[in-house]
Every structure is written in C-alpha cells, then in structure tokens.
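>>> Provided below are the primary sequence and the corresponding predicted coordinates.
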Amino acid sequence: MKIQNNFVGIITLGHFNPGILTQDFLKTECGLEFRGEGKEEPRSPVFTRISYAKVRFQADLGRLQITEREIEEPGNSKVAEYLRVYLEKLPYTPVFASGVNINITISEADVRSLIEVFLSKKDRLFGLLGTNEYEFETTSIRRRQGKEYTRWKVNNFLQKDKVSETITLNRTDTMFWRLNYNYEVRNLLKNKVLLQIITEGFGKIVERYEKVVSNILGGVSL
C-alpha cells in the first residue's frame, strides 16, 4: 500500500495574541531554528502567519496552528515539541483544546477495503477501533461538474469529555482519496496538565494512528 504523507499539524484553541508570534520570538525566546528565512504574510492585530521551508506557524485570536509538511514518517514530526516550547514561554495563555492532525493520500485501489467496512460492515469498526461506542457520519458532496461523492467520518471517544479521535475520508478525484486522522484533547481550561497527552505523548498518538489506520485499511480485526 502506498501512502503519501501530506502533513502533520496541531491546532490549539484558546486566547492568543497573534502579535507575539514573530520570527524573533521563535528564535530568541523559544530557541527554535528552521532552515532558511521565514516568510511572513501581511500582519494584522488579529492574524499572523510565518512559513518556513517545511513548517508553518499561524495564530489568530482564537487559535494557534503549527503544521509540518514533506515528512517521511509522522513520528518524525516536531510539531508537538514546537507547541510545548511555545506555550511554556506563555504560561498564562488560556487553552481550551488541542488536536493532532495526520493527513495522508491513498489510492482508489488501496481504499476499497475501507469503503467496504464503512458501507456494509460497520459493526466491525468496534473491533477495528477497539471501542464499545462510536459515532458514524455520512455526508453527500455535490460538485459543479455534477458528480456526487460521499464523505465518511468516524468519531471515537477514548475518554469521555476529554479525549477523542476522528477519522475522515474524502475523495480528492477519481484516483485518490485523502484521509485525516484527528486526536483531540479537550477541557484543558480546567486541567491544563491534559495537554501533556499531546506534548509529551505525541509518539503514542502516532502509534495509535498507525494501528487504527492500518487495521481499517487492511480490514482486519484487532
């Protein structure tokens, strides 16, 4: 099976000051070094985006987003470390939730087993996800050319009101599909220590992603 890794990212919701996000802050205060000079889009009081060769930082008043592209393996991404260092420099920043996104592209042929599970064998998802309860959503998408496609989404609650994972499958064209794996931690305002599930446990999240996606695409039970 050929999988193209598109990006690994972390979106953190909270109250942020976009003006703090500068190349100097990342280098001097956070001690983060990136290849080449960062490219900044026109700044405003409510939005900042800095792009390096493979890493992008983006902040507005309600979220901080860190994305890394062109990575061979998701486990090699440093987005969780970047988030940890960034927030350590801003300890009084209110944070509500944070989620890891791992986005891949797979071929039509490779995704057939997943479609079969979603369409006709949804009961097997209990075993494939290792859960006793999940939410399943199907959305029809119509494009201007007249073609209609289906988006499938599975929500699995790992810890009620705290941790969840979501697997979303979208068709990009007739030959390829895009799969997004999201692992989200919530209620951080009440217990910010839970953020360590992402910043300290990123490796375990990647292992979970690899296990779940491999099992679902392969159509085999845990």
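Perfect, thanks for sending it. Residues are numbered from 1 along each chain as shown.

>>> Now do the contacts for the residue nearest to residue 23 when sequence neighbours are not counted.
Leaving aside its chain neighbours, residue 23 sits nearest to residue 38 (4.7 Å; criterion: Cβ to Cβ, 6 or more residues apart in numbering). C-betas here are computed from N, CA, C, even on glycine. For residue 38, the contact set (Cβ atoms under 8 Å, 6 or more residues apart in numbering) comprises 23, 26, 50, 51, 52.

>>> what do you get for residue 31?
Counted by Cβ under 8 Å, 6+ apart, residue 31 has contacts residue 85.

>>> now it: how far from residue 151?
From residue 31 across to residue 151, the span is 41 Å (Cβ to Cβ, to the nearest Å).

>>> ok, now residue 135?
Taken as Cβ to Cβ, the span from residue 135 to residue 151 is 14 Å.

>>> got it, and residue 217?
17 Å.

>>> repeat for residue 30
From residue 30 to residue 151 the distance is 37 Å (Cβ to Cβ).

>>> Give me the more crowded residue out of these two.
Neighbours per residue (other Cβ atoms under 10 Å) separate residue 30 from residue 151, with residue 30 holding more: 17 against 13.

>>> In contact with the more buried one: list those residues for me.
82, 85, 86, 89.

>>> Out of these, which is nearest to residue 212?
residue 82 (24.5 Å; Cβ to Cβ).

>>> The closest one: what secondary structure?
On the three-state scheme (DSSP: H, G, I helix; E, B strand; the rest coil), residue 82 is labelled helix.

>>> tell me the contacts of the nearest residue to it once chain neighbours are set aside?
Distances taken as Cβ to Cβ, 6+ apart place residue 66 nearest to residue 82, at 5.2 Å, with adjacent residues excluded. Residues in contact with residue 66 (Cβ under 8 Å, 6+ apart) are 9, 10, 55, 56, 57, 58, 79, 82, 83, 86.

>>> so is the fourth one in a helix, a strand, or just coil?
When states are read from three-state DSSP, the local structure at residue 56 comes out as strand.

>>> I figured it was touching residue 48, is that so?
No. Using Cβ atoms under 8 Å as the test, residue 56 is too far from residue 48 to be in contact (11.0 Å).

>>> Look up how far residue 106 lies from residue 176.
Distance from residue 176 to residue 106, by Cβ to Cβ: 7 Å.

>>> just residue 152 next, same as before
On the measure of Cβ to Cβ, residue 152 and residue 106 end up 13 Å apart.

>>> Likewise for residue 191?
36 Å.

>>> So between those two, which is more surrounded?
Per other Cβ under 10 Å, whichever of residue 191 and residue 106 has more neighbours is residue 106, with 19 against 11.

>>> give me the element that one is part of.
strand 95-107 (DSSP states H and E).

>>> helices and strands around that strand, which ones?
Strand 95-107 sits against strand 3-14, helix 79-88, strand 176-185, helix 196-199, helix 202-218, with contacts defined as 3 or more Cβ pairs under 8 Å, 6 or more residues apart in numbering; DSSP states H and E.

>>> Could you check the pLDDT of residue 43?
pLDDT, residue 43: 88.

>>> Tell me the first helix or strand C-terminal of the helix or strand of the chain with the lowest mean pLDDT.
Here the helix or strand of the chain ranked lowest by mean pLDDT, DSSP states H and E is helix 108-120, holding a mean of 63. Per DSSP H and E, helix 108-120 leads on to helix 125-129 as the next helix or strand towards the C-terminus.
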